[in-house]
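[1] test case, fold it:
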Amino acid sequence: MCLASTPPPSHRITRRGVLAGAAVLAGTGGVLSTAGHAAAAPREPAAESDLVIDGGTLLDPATGEVTEDAVVVIRAGKVHGAGPRGKVRVPAGVTRLDAHGGWVLPGLVDAHIHLSTVAEARRALAGGATTARSGSTTFYQDIAVRELARRLPDQAPRLVAAGVFVTPHLGDSVLADPELAPLAVLPDGVRSAEALRHVVGVNLARGADVIKTRVNERAGLPEQDPLTQVYSHDQLAEIVAAARRGGKGVLCHSYSEKGCDDAVRAGIRSLEHGVFVGERTLHEMRRRQTWFTPTLTAIAGLADDPDPVLAERGRTYLPILKQAVRAAHELGVPLAAGTDSSGGEVTPVGREVELMHAAGLTPLEAIRTATTGAARLLGLASTVGRLAPGHAGDAVVLPGDPLADLSVLTRPTHVVRSGRLR
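    Residues are numbered from 1 along each chain as shown. Predicted structure coming up:
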């Protein structure tokens, strides 16, 4: 079917409307408005907060510098000063968080997560992820979570939203927007250049920050073969070109060696999963500075699945993926931490950092994948990933030294988002 007669995606669907729709899906309309109507939500983000994180040992992931008995001053949601006591001016009358005995790090970044409800967003934040990148949602819930996070920073991570998956078979996502309805009658699904451009266009019209697509089937469904390729290099290049025209990058779900190579050469911004990525492709990723988000946590989780097919897949894939991560790191391919959490099961991104270390990175290098590294991938290097003046007032207070025991990243004692204590 030709889509030429279909009107272009409408801009009549506002972000406020997205917020209202996702609030209904999440059952949280009361959070947004005492009257129960999204239209009563504030038009501008709520004022950020002032906070002093007093004491504790401060770690700067960018430099590796460790400062004992440090002070972090957050004013209007941004870092005003951070450093040793006596060298940072502490304003009077500002709320203090006692961090003595703990370690203070910038808030963590989960570069691949699926947040569809407020409850999931809260769990991600409680686990230390103050910033995240969505790996897509079914009905644009991630765009609504992003807007909620701007108004209520202590309820959700700062979110880079992907909208709906650009995939051959949209499933229920065809109901996410009336502009997607014409795609339901395509006998071969979303495969033609025109159909691919259309889905990207609807995502852009709905306010997506990034585009998510796939080159292989899923590993988490026993009836699918994750080595089966669903899009060709040319189809992926069409998606990338459409996204670039809108000023956006593409993250691509990938497993097979050829699929990974096709995706990278098509110009994607980041390769997701990438279990069987080949050496030639890794060299190309280094040349292009294509990011690798291996989602080790998700692959490791398959090994514990009650389904024997998935359990065997996880046991087989995890050591191969660890080798790929080690090879990528040694070559200089940039790495970002992402849990691929979804369906209400939210794993702390600190677990992904632990697995990065298990794959061969030093503790500091592994921490960078969930701080400065992931911040660069998301285009937020000047905003998150460090507790430096001008950066967001996002922090985690940990019960111990993460350089000696990375597991402390999975159990923060305090999480601060834009100067607000969660």
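
[2] going forward, measure contacts between C-alpha atoms and count neighbours the same way
    Fine.

[3] pLDDT weak spots in this structure?
    1-48 (pLDDT under 70).

[4] please report how far His114 lies from Pro389.
    Taking CA to CA, to the nearest Å as the measure, His114 falls 30 Å from Pro389.

[5] can you map out the helices along the stretch 51-200 of the chain?
    Secondary structure of the stretch 51-200 of the chain (DSSP state H, counting those that start in this stretch): helices located at 118-126, 141-151, 193-205.

[6] which of these sits closest to Pro178?
    helix 193-205 (9.6 Å; CA to CA).

[7] which secondary structure elements does that closest one sit against?
    Counting contacts by 3 or more CA pairs under 8 Å, 6 or more residues apart in numbering; DSSP states H and E, helix 193-205 packs against helix 233-245.

[8] nearest residue to the middle of this protein?
    Arg133 (2.2 Å; CA atoms, centre = their mean).

[9] that one bridge partners, please.
    Residues in a beta bridge with Arg133, per DSSP bridges, are Val160.

[10] quick one on the thing from earlier: and His114 and Pro389? Which one has more around it.
    Ranked by neighbour count (other CA atoms under 10 Å), His114 and Pro389 place His114 first, with 27 against 17.

[11] give the contact list for that one.
    134-137, 142, 340-343 (CA atoms under 8 Å, 6 or more residues apart in numbering).

[12] give me the nearest residue to it, chain neighbours excluded.
    Ser342 (4.9 Å; CA to CA, 6 or more residues apart in numbering).

[13] still on that earlier bit, and the helices of the stretch 51-200 of the chain, which is most packed in?
    helix 141-151 (a mean of 26; mean count of other CA atoms under 10 Å).

[14] hmm, back to that, what about the residue nearest to His114, distance to Arg146?
    Taking CA to CA, one finds Ser342 at 16 Å from Arg146.

[15] can you put the contacts of His114 in CSV and add distance to Val230?
    Listed next are the contacts of His114 as CSV, based on distance: CA to CA, whole Å:
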residue, distance to Val230
Ser134, 22
Gly135, 18
Ser136, 18
Thr137, 20
Asp142, 25
Asp340, 20
Ser341, 23
Ser342, 22
Gly343, 24
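
[16] these, buried ones only, as a ChimeraX selection?
    Filtering the contacts of His114 down to the buried ones (16 or more other CA atoms under 10 Å) takes a single ChimeraX command:
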select :134,135,136,137,142,340,341,342
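
[17] quick one: which of the contacts of His114 is nearest to Ala263?
    Gly135 (16.3 Å).

[18] identify the residues contacting the closest one.
    Applying CA under 8 Å, 6+ apart, the residues contacting Gly135 are 112-114, 161-162, 212, 340.

[19] how about the longest helix belonging to the chain: buried residues?
    Longest helix of the chain, by residue count under DSSP state H: helix 308-331. Of the residues in helix 308-331, those buried under the neighbour-count criterion (16+ other CA under 10 Å) are 309-311, 313-315, 317-319, 321-322, 324-329.

[20] cool, stretch 359-378 as well?
    359-361, 363-378.

[21] what's the answer for stretch 73-92, then?
    Result for stretch 73-92 [16+ other CA under 10 Å]: buried residues 73-85, 90.

[22] then that stretch to CSV, C-alphas only?
    What follows is stretch 73-92, C-alpha atoms only, in CSV (Å, rounded to 0.1, in the frame of the first residue of the first chain):
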residue,chain,number,x,y,z
VAL,A,73,26.6,23.0,47.1
ILE,A,74,23.5,22.9,44.9
ARG,A,75,21.6,26.1,44.1
ALA,A,76,18.5,26.2,42.0
GLY,A,77,19.0,22.6,41.0
LYS,A,78,22.6,23.1,39.7
VAL,A,79,26.0,22.5,41.2
HIS,A,80,27.3,25.8,42.6
GLY,A,81,30.5,24.3,44.1
ALA,A,82,32.1,21.0,44.9
GLY,A,83,35.3,20.3,46.7
PRO,A,84,37.1,20.0,50.0
ARG,A,85,35.6,21.6,53.1
GLY,A,86,37.0,25.1,53.5
LYS,A,87,37.4,25.7,49.8
VAL,A,88,33.7,25.7,49.0
ARG,A,89,31.5,28.5,50.3
VAL,A,90,28.5,27.1,52.0
PRO,A,91,25.5,29.4,52.1
ALA,A,92,23.5,29.8,55.3
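
[23] contacts for that stretch?
    Counting by CA under 8 Å, 6+ apart, 47-53, 55, 58, 67-72, 387-393, 417-420 sit against stretch 73-92.

[24] one more time with 6 Å, if that's ok
    Contact with stretch 73-92 is made by 48-52, 70-72, 389-393, 418-419, as judged by CA atoms under 6 Å, 6 or more residues apart in numbering.

[25] can you give me the end-to-end span of stretch 183-200?
    So stretch 183-200: terminal residues 13 Å apart, CA to CA.

[26] so how far is that stretch from its chain's centroid?
    26 Å (CA atoms, centre = their mean, to the nearest Å).

[27] for stretch 335-344, same thing?
    So, by CA atoms, centre = their mean, the centroid of stretch 335-344 is 7 Å from its chain's centroid.

[28] ditto for stretch 240-250
    18 Å.

[29] export that stretch as CSV, just CAs?
    C-alpha atoms of stretch 240-250 as CSV (Å, rounded to 0.1, in the frame of the first residue of the first chain):
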residue,chain,number,x,y,z
VAL,A,240,19.0,6.8,9.9
ALA,A,241,18.5,9.4,7.2
ALA,A,242,15.0,10.2,8.2
ALA,A,243,16.1,10.6,11.8
ARG,A,244,19.0,12.9,10.8
ARG,A,245,16.7,15.1,8.9
GLY,A,246,14.9,15.7,12.1
GLY,A,247,18.2,16.2,14.0
LYS,A,248,18.0,12.9,15.8
GLY,A,249,20.3,9.9,16.2
VAL,A,250,19.3,6.2,16.1
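
[30] in contact with Thr130, which residues are there?
    If you count contacts by CA under 6 Å, 6+ apart, then Thr130 has 107-108, 157 around it.
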